[in-house]
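In: next one to model:
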Amino acid sequence: MDTRKIQTVGGGTYTVSLPKEWAESENCTAGTTVNLHTHIDGLLVIQTPESQTTARNRLTLEVGNDDPAEIEQLLRAAYAAGVESVALELPDGYSDEQHRAIERVTRNLTGVTIAEETGSTVTVQTLLDAGEVSVSQSVRQLQFVALSMHRDAMAALTTGTTSDRWGDRDEQADRLYAMIDRYFERGLARLDEIDALGQTRPELFTLWGTANELERVADHAERIGTVADRLDGQPDERIITALDDIAQDVRAVVEDAVRVIIGDACVDTARQTLATRRDVRERITSLDRQLFESGDADYRLTRALDSLTRTAEHGGNIAELGLRMAVRDGAFSDPATDTDEANASSSTAETES
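Out: As a prediction, the model looks like this:
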């Protein structure tokens, strides 16, 4: 890293010299015009017009007779990498299975469509505009989907009710996470994307980490629902009550942790959330022991308990992200300062008395 002193020239204009190596590598000489960009991260970026190409936003792939599943994986990888347009070249034409795989991707990823289609080429394009995307709101939606899945799965486990919307809501959770993952990737590579999203890189990382945990909460809700479908009869009333109480607190762990990340709750909520997680761990361990000792409980319930444990862990991980965010943003006050202020207030009160 080079350092430069800021100097002033006539009229009070600030100037700073550019590293010679960089200037030569970018073909900059006296008289060359460069563009200056200020960003939400507090950075000032200098770019030559030639360096602002967007070649990485377009990709051409020759897939030939590739398996439809591999084509789908390629398109999902391109979406996650932030590519805007993918041209799939199939010189011998595409099969019905390949075309269905392409359509499945456009159906399951937000903002993706088939822009152009010929006998040997299919162009898949993402029409999302970062300026119209709210990552925070997407995290809220992902939390709602994941916890509604969890609530219904637990109802199926304890009451025997059924739901035919597991697949749809799990796909919705995957779709929301994929979009957040895409913009996290683009934010790492493009500063203009950060500005359009209105998030700094640390903020975007925190939201991405939260979404990552919530996507796993949705997966465990689906797993609990699967256990519910396979149970031989309903658990006894005592176990049902314990499961309901634990599940309610597990959801509170996740919900309160996300509130901290979104800014709807303070750092004290994150601390309380982690305390609740510790309590839930102990209660799940106790109930698991009771199921083992009873001898007549359905062994599948232990799988549901494992998913409850993991869901609480994911919520705790989000709360830990909230603590990290609070430290980074200076939300923790200096204990020594607090003590000094408390002593000063006490002394003042005694003097006034």
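
In: so where's the chain shaky on pLDDT?
Out: Low-confidence segments of the chain, defined by pLDDT under 70, span residues 49-56, 162-167, 332-353.

In: break it into its domains for me.
Out: For the chain, the structural domains run 7-52, 55-129, 132-328, going by automatic domain parsing.

In: looking at those domains, which is nearest to residue 1?
Out: Closest approach to residue 1 among the domains of the chain is made by domain 7-52 (9.9 Å; C-beta to C-beta). Placement of C-beta: from N, CA and C, glycine included.

In: looking at the domains of the chain, which is buried most?
Out: Neighbour counts (mean count of other C-beta atoms under 10 Å) averaged over each of the domains of the chain peak at domain 132-328, with a mean of 19.

In: so residue 232, which state does it fall into?
Out: Put simply, residue 232 is coil when judged by DSSP: H, G, I helix; E, B strand; the rest coil.

In: in JSON lines: the domains of the chain, plus distance to residue 1.
Out: Shown next, in JSON lines, are the domains of the chain (distance: least, C-beta to C-beta, whole Å):
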{"stretch": "domain 7-52", "distance to residue 1": "10"}
{"stretch": "domain 55-129", "distance to residue 1": "26"}
{"stretch": "domain 132-328", "distance to residue 1": "18"}
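
In: residue 178 reaches residue 78, doesn't it?
Out: No - in this structure, residue 178 is not within contact of residue 78 by C-beta atoms under 8 Å, at 11.7 Å.

In: do a quick rundown of the helices in the stretch 1-150 of the chain.
Out: Secondary structure of the stretch 1-150 of the chain (DSSP state H, counting those that start in this stretch): helices at 20-25, 68-80, 96-108, 135-159.

In: tabulate those helices (JSON lines), appending distance to residue 9.
Out: Listed next are the helices of the stretch 1-150 of the chain as JSON lines, based on distance: least, C-beta to C-beta, whole Å:
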{"stretch": "helix 20-25", "distance to residue 9": "19"}
{"stretch": "helix 68-80", "distance to residue 9": "47"}
{"stretch": "helix 96-108", "distance to residue 9": "55"}
{"stretch": "helix 135-159", "distance to residue 9": "42"}
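
In: looking at these, which is closest to residue 326?
Out: Smallest distance to residue 326 across those (C-beta to C-beta): 16.8 Å, for helix 135-159.

In: show me the contacts for residue 140.
Out: By C-beta atoms under 8 Å, 6 or more residues apart in numbering, the residues touching residue 140 are 258, 262.

In: need the three-state assignment for the residue nearest to residue 208 when sequence neighbours are not counted.
Out: The shortest distance from residue 208 to any non-neighbouring residue, by C-beta to C-beta, 6 or more residues apart in numbering, is to residue 184 (3.9 Å). Secondary structure state of residue 184, per three-state DSSP, is helix.

In: who touches residue 184 in this structure?
Out: By C-beta under 8 Å, 6+ apart, the contact list for residue 184 reads 204-205, 207-208.

In: in helices only, show me the residues you listed.
Out: 204-205, 207-208 (DSSP state H).

In: not counting sequence-adjacent ones, nearest residue to residue 201?
Out: The shortest distance from residue 201 to any non-neighbouring residue, by C-beta to C-beta, 6+ apart, is to residue 41 (5.9 Å).

In: and the one you found, what does it touch?
Out: Contacts for residue 41 were tallied using C-beta under 8 Å, 6+ apart; they are 191, 194, 200-201.

In: and residue 298, by the same measure?
Out: 231-233, 235.

In: phi and psi next, for it.
Out: With angles defined as degrees, to the nearest 10, residue 298 sits at phi -70, psi 120.

In: please apply the same query to residue 63.
Out: Per degrees, to the nearest 10, the backbone of residue 63 is at phi -100, psi -20.

In: just use 870 as the starting number from now, easier for me
Out: New numbering, starting at 870: the last item is residue 932.

In: ok now do it, which residues does it touch?
Out: 939-940, 943, 957-959, 967.

In: for residue 958, name its beta-bridge partners.
Out: Bridge pairing for residue 958 (DSSP bridges) gives the partners residue 931, residue 990.

In: thought it was touching residue 928?
Out: No - counting by C-beta under 8 Å, residue 958 stays clear of residue 928, with 11.0 Å between them.

In: name the residues that touch stretch 1143-1154?
Out: 1111, 1114-1115, 1118-1119, 1121-1122, 1125, 1174, 1177-1178, 1181-1182, 1184-1185, 1188-1189, 1192.
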